[in-house]
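Enquirer: A predicted structure for the sequence below; I have some questions about it.
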Amino acid sequence: MIRHALQAAQAAGDLPPFDLPETIPVTRSAKPELGDYASPVAMQLAKAARRKPLEIAQAIAAHVDTSADFVQSFEAAPPGFLNIRLSDAWLRAQIDAMIAAGDDVFALEIGRGQKAQVECVSANPTGPITVGRTRGGVIGSTMANLLAALGYTVEMEYYFNNAGRQMQLLGLSLQARYRQALGQPVDLPEGGYQGDYLVDIARELVEQHGDALKDESWEYFKGQAEAAMFRRIRASLDRINIHFDVFFNENSTYEDGSVWKVLEGLEERGYVYRAVNREGAPPEEIAKTPPDAKDAVWFRSTKLGDDEDRVLVKSNGEPTYALPDIAYHIHKLERGFTYLINVLGTDHIIEAQTVARGLQVLGYDPEPVHVLLHQFVTLVEGGETRRMSTRRGEYVTLDELVEDVGADVVRYFILGRSPNSHLEFDLDLARQQANENPVYYIQNAHVRCAGIFRQAEERGLTDEGADLSLLGERELAFVRKLLEMPEVMVQAYEDLGPHRLAFYALDLARMFHPMYDAVRVLHSDVPEDVAKARLRLYGAARVVFRRLLKLMGMSALEIM
RNA sequence: GCCCCUGUAGCUCAGCGGAUAGAGCAGCCGCCUUCUAAGCGGUUGGCCGGGGGUUCGAUUCCCUCCAGGGGCGCCA
């Protein structure tokens, strides 16, 4: 619209000729009384046009075509902004549109016909899900919900590894716990898993099998431990609405040989060498390596901007995580996903970079792979932080947290912070079921909408035949706020920031509650026609709150 | 050593290139006879960590310094 006006103004000689910018910036207006949208183009063009910004803005405003039904006004304002106001009639029409869309309100078409995948959590089954891993799961599942709302067909995937020393240790630890459960005086292996969950699993095994397993190998116990852990992990995640479609075992990249194909591919392209130490290793690093050390296989990632080369195959012949992870990502790309999100803690940043470089070398376009890194979580209680370690058995599990504060609170507290900020989970605040706690504030907005409809039904009031022109300025201001939601969704998608939904929800609730207080439906002074119009407005509010809560994986309660 | 994150109201945090920087909590003053007060109204409170730069314009981008937090294995 502005572009056309610029061209028209130039054609009419009101503006001198100059190149138009590729995109015309238009943003939400900072001050609602000035308009709904604003564009600062005129100020950017001042130099090229050699005119004062305000004059340019006025020239644009004079030539703009305001016949579109959604535009009320289009004005130039000092120092050079163009302010655009939406028409009331159009806003009112959106109320009906939102209600008609219902649970699909603000469904977008960005990802239509495309497959997306979100990988998150991906903890090996050596223990219960902890609060730290939960953050990735909440972020990932929210992004998955969002992608679905944008039209993508979405899969949630969990990548795990059930080989290696840690799993062996888990098997040995369960074996020891089983024998202890039989009354044998056995110690846990050195560095073994001390958590009580293995004691529970051991007891279950005794209940089912008695002492029949006393001579089984650690491999057998590893299998038992793995199966039991996955049952628990899935159940824990289910409680906070994190559901996986696929559990991908790293081992399958060995079974189909793709791990070795990756290595061959990298080698053919000259990115691999064998040596005891990486090239360019400093003397102190070389000094630390034992004299009898064998060669490892190195990835020459420095050729791609890395600051040191990375090990692909250890000197004992086993690959590190990098090779299977590259193979796994190739597998993902070949499954036809055009948009992939990999939710990782920041400690995995090197891993993500190595994978991206590996893909690049092998001729795959890493562009569809989006890495969403998040910082760590600490729990704060009574002003003190609680440190966690899975191996030492010191941690707060997701289950404990959910029992303590509830699933919705867990999700919202995690979502309410930008992924790349450290999250201090304040248990004292989370436990409060009061106004300080934003979760209840937001949910109460939905509850209140539901309450109005419940009461209206009892009194025989419906919104049938509502005349929305009876709504006032305050109500239309709220409609404007509702209509921001798709913009928030797109922004959350583009910058991988699901926290934007959480903040928007809180913002919307803060606008809702004062209105609820002032704009009554069932009140003796409210004429029936006004009541009908307002009831319909609350219908739209209910639909939007419900959609928001569902996107965040929270429950939309009818009654608190 | 290298890398990441964070310094915005007393506290917890939004805003991350645009018009006079926003919320909540805490503080103070009020509001329950009609949709649950888990609510509402009012009010106090900011050299946007310091210093340079880029820009018509910087809380927002770049550099640097200061202060906190966290990562960085031939573990995954």
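Expert: Happy to help now that I have it.
Enquirer: in chain A, where is pLDDT below threshold?
Expert: Chain A contains residues with pLDDT under 70 at A:32, A:383, A:386-394, A:433-436.
Enquirer: in terms of residue numbering, what are the domains of it?
Expert: For chain A, automatic domain parsing gives the domain ranges A:2-86, A:165-247, A:250-374, A:438-551.
Enquirer: do the first one and RNA strand B meet?
Expert: Yes: Domain A:2-86 lies within reach of RNA strand B by Cβ under 7 Å from any atom of the strand, at A:25, A:27, A:29-31, A:34-35, A:38, A:40, A:43-44, A:46-47, A:53, A:77, A:81, A:83. The way it works is simple: take the backbone N, C-alpha and C, and place the C-beta from them, glycine included.
Enquirer: cool, and stretch A:235-253?
Expert: Yes: judged by Cβ under 7 Å from any atom of the strand, stretch A:235-253 and RNA strand B are in contact via A:Glu250.
Enquirer: which residues are contacting that stretch?
Expert: With contact meaning Cβ atoms under 8 Å, 6 or more residues apart in numbering, stretch A:235-253 is reached by A:120-121, A:128-129, A:134, A:137-138, A:140-141, A:155-163, A:230, A:234, A:259, A:323-325, A:327-328, A:331, A:397-399, A:402, A:407, A:410-411, A:553-554.
Enquirer: distance of A:Leu323 relative to A:Ala293?
Expert: Per Cβ to Cβ, to the nearest Å, A:Leu323 is found 20 Å from A:Ala293.
Enquirer: so for these two, which sits in the more crowded spot?
Expert: A:Leu323 (27 against 12; other Cβ atoms under 10 Å).
Enquirer: need the helices for the stretch 301-450 of chain A, in chain order.
Expert: A:322-334, A:349-361, A:398-405, A:407-415, A:427-431, A:438-458 (DSSP state H, counting those that start in this stretch).
Enquirer: same list, those helices, but as a markdown table with distance to RNA strand B please.
Expert: Formatted as a markdown table, these follow (distance: least, Cβ to the nearest atom of the strand, whole Å):
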| stretch | distance to RNA strand B |
| --- | --- |
| helix A:322-334 | 7 |
| helix A:349-361 | 6 |
| helix A:398-405 | 12 |
| helix A:407-415 | 10 |
| helix A:427-431 | 8 |
| helix A:438-458 | 3 |
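Enquirer: of all those, which one is nearest A:Gly280?
Expert: Checking the helices of the stretch 301-450 of chain A against A:Gly280 by Cβ to Cβ gives helix A:349-361 as the closest, at 16.7 Å.
Enquirer: okay, the angle between the closest one and helix A:322-334?
Expert: Interaxial angle of helix A:349-361 relative to helix A:322-334 (axes from the mean of the first three to the mean of the last three Cα atoms, to 10 degrees): 60 degrees.
Enquirer: element containing the residue most central in space within chain A, please.
Expert: Nearest to the mean C-alpha position of chain A, by Cα atoms, centre = their mean, lies A:Ile139 at 3.2 Å. Assigned by DSSP states H and E, A:Ile139 falls within helix A:131-149.
Enquirer: buried ones in the helix or strand following that helix?
Expert: Following helix A:131-149 in sequence order, the next helix or strand is strand A:153-160 (DSSP H and E). Under the neighbour-count criterion of 16 or more other Cβ atoms under 10 Å, strand A:153-160 has A:Val154, A:Glu155, A:Met156, A:Glu157, A:Tyr158, A:Tyr159, A:Phe160 buried.
Enquirer: cool, and stretch A:239-252?
Expert: Using 16+ other Cβ under 10 Å as the test for burial, stretch A:239-252 gives A:Ile240, A:Asn241, A:Ile242, A:Phe244, A:Phe248, A:Glu250.
Enquirer: first-to-last residue distance for it?
Expert: Counting by Cα to Cα, to the nearest Å, you get 29 Å between the two ends of stretch A:239-252.
Enquirer: for stretch A:240-250, same thing?
Expert: End-to-end distance of stretch A:240-250 (Cα to Cα): 26 Å.
Enquirer: tell me the secondary structure at A:Pro128.
Expert: Three-state call for A:Pro128 (DSSP: H, G, I helix; E, B strand; the rest coil): coil.
Enquirer: and the gap between it and RNA strand B?
Expert: 16 Å (Cβ to the nearest atom of the strand, to the nearest Å).
Enquirer: residues touching that residue, list them.
Expert: A:Pro128 neighbours (Cβ under 8 Å, 6+ apart): A:Gly195, A:Tyr197, A:Met229, A:Arg232, A:Ile233, A:Ser236, A:Tyr395, A:Thr397, A:Leu398, A:Asp399.
Enquirer: would you turn the buried residues of strand A:153-160 into JSON lines with distance to RNA strand B?
Expert: Listed next are these as JSON lines, based on distance: Cβ to the nearest atom of the strand, whole Å:
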{"residue": "A:Val154", "distance to RNA strand B": "24"}
{"residue": "A:Glu155", "distance to RNA strand B": "20"}
{"residue": "A:Met156", "distance to RNA strand B": "18"}
{"residue": "A:Glu157", "distance to RNA strand B": "14"}
{"residue": "A:Tyr158", "distance to RNA strand B": "12"}
{"residue": "A:Tyr159", "distance to RNA strand B": "8"}
{"residue": "A:Phe160", "distance to RNA strand B": "8"}
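Enquirer: isn't A:Leu45 right up against A:Ile56?
Expert: Yes: taking contacts as Cβ atoms under 8 Å, A:Leu45 lies within contact range of A:Ile56: 5.5 Å.
Enquirer: more crowded one of those two?
Expert: Remark: of A:Leu45 and A:Ile56, A:Ile56 carries more neighbours, 27 against 23, as counted by other Cβ under 10 Å.
Enquirer: let me know the helix or strand that the more buried one is in.
Expert: Assigned by DSSP H and E, A:Ile56 belongs to helix A:53-63.
Enquirer: check A:Leu174 too.
Expert: Using DSSP H and E, A:Leu174 maps to helix A:165-181.
Enquirer: with A:Ala5 instead?
Expert: Using DSSP H and E, A:Ala5 maps to helix A:2-11.
Enquirer: in that helix, what's buried?
Expert: Going by neighbour count (16+ other Cβ under 10 Å), the buried part of helix A:2-11 is A:Ile2, A:Ala5, A:Leu6, A:Ala8, A:Ala9, A:Gln10.
Enquirer: need the residues that contact it.
Expert: Applying Cβ under 8 Å, 6+ apart, the external contacts of helix A:2-11 come out as A:15-18, A:20, A:24, A:26, A:39, A:41, A:59-65, A:82.
Enquirer: just the buried residues of the contacts of stretch A:235-253.
Expert: The neighbour-count test (16+ other Cβ under 10 Å) marks A:120-121, A:128-129, A:134, A:137-138, A:140-141, A:155-162, A:234, A:259, A:323-325, A:327-328, A:397-399, A:402, A:407, A:410-411, A:553-554 as buried among the contacts of stretch A:235-253.
Enquirer: the lengthiest helix in chain A packs against which elements?
Expert: Criterion DSSP state H: the longest helix present in chain A is helix A:528-551. Here helix A:528-551 is seen to pack against helix A:88-101, helix A:131-149, helix A:438-458, helix A:473-482, helix A:485-494, helix A:499-518 when contacts are counted using 3 or more Cβ pairs under 8 Å, 6 or more residues apart in numbering; DSSP states H and E.
Enquirer: on that earlier part again, which of the residues of domain A:2-86 next to RNA strand B fall within strands?
Expert: When those are checked against strands (DSSP state E), the matches are A:Thr27, A:Ala38, A:Ala77, A:Phe81, A:Asn83.
Enquirer: surely the first one meets A:Asp36?
Expert: No: using Cβ under 8 Å, A:Thr27 makes no contact with A:Asp36, being 10.4 Å away.
Enquirer: specify which residue of those two has the higher count of neighbours.
Expert: Between A:Thr27 and A:Asp36, counted using other Cβ under 10 Å, A:Asp36 has the larger neighbour count: 20 against 10.
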